[in-house]
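Student: build the 3D model from these lines:
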Amino acid sequence: MTNFSHLRSLQVQQDTTVEFTFYRIGGEPTLSVRHAGQENRDFFNAALKKSKQAARRLRGRQGAAPSHEDIERARREDAALFAKHIVTGWEDVLDADGEPVEFSEEVCLEFLLAIPSDMFTELRAFCLDINNFREDDSMGDDELEELQGN
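Tutor: The predicted structure follows:
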């Protein structure tokens, strides 16, 4: 039987968190985030449920472009999922008076809805990329060739 145990190190655990910084926001707020994929079972299940609900809402509108209201609703729902299942804490998030803001799910949702949509899209793309959550124990070229039998 072939041994592929070396591949286990590539798996990402549900509770793995990394830092994401908004460099274009004053104070450079940094969020601790989890992966937005199936490794994060709570997020993944909630996202599937929202997807089914959205499909039911749009039933009968095949071929029609999503309305502005559809897009805004989807962003609010995504932000709520991220506040509940993805963002676990933060540093350097400031209010309009420049005062630090304590993290909570409710305040996180307010923050995610307040940032420009392109910045939320940037956060979403980062959290969807599982490679951002893998430990960097990549193999050198020699090790890779040895495993491949070259």
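
Student: start and end of stretch 84-100, how far apart?
Tutor: Length of stretch 84-100, first residue to last, Cα to Cα, to the nearest Å: 21 Å.

Student: list the contacts of the lengthiest helix in the chain.
Tutor: Criterion DSSP state H: the longest helix present in the chain is helix 41-58. The set of residues external to helix 41-58 that reach it, using Cβ atoms under 8 Å, 6 or more residues apart in numbering, is 14, 34, 36-38, 66, 70, 74, 77, 81, 84-86. All C-beta spots, glycine's among them, are computed from the backbone N, C-alpha and C.

Student: among these, name the buried ones.
Tutor: 34, 36-37, 77, 81, 85-86 (16 or more other Cβ atoms under 10 Å).

Student: just these now: which is nearest Asn131?
Tutor: Using Cβ to Cβ, Gly37 comes nearest to Asn131 of those, at 11.1 Å.

Student: my guess is the closest one contacts Asp129, does it?
Tutor: No - Gly37 lies out of contact with Asp129 (Cβ atoms under 8 Å); the separation is 9.0 Å.
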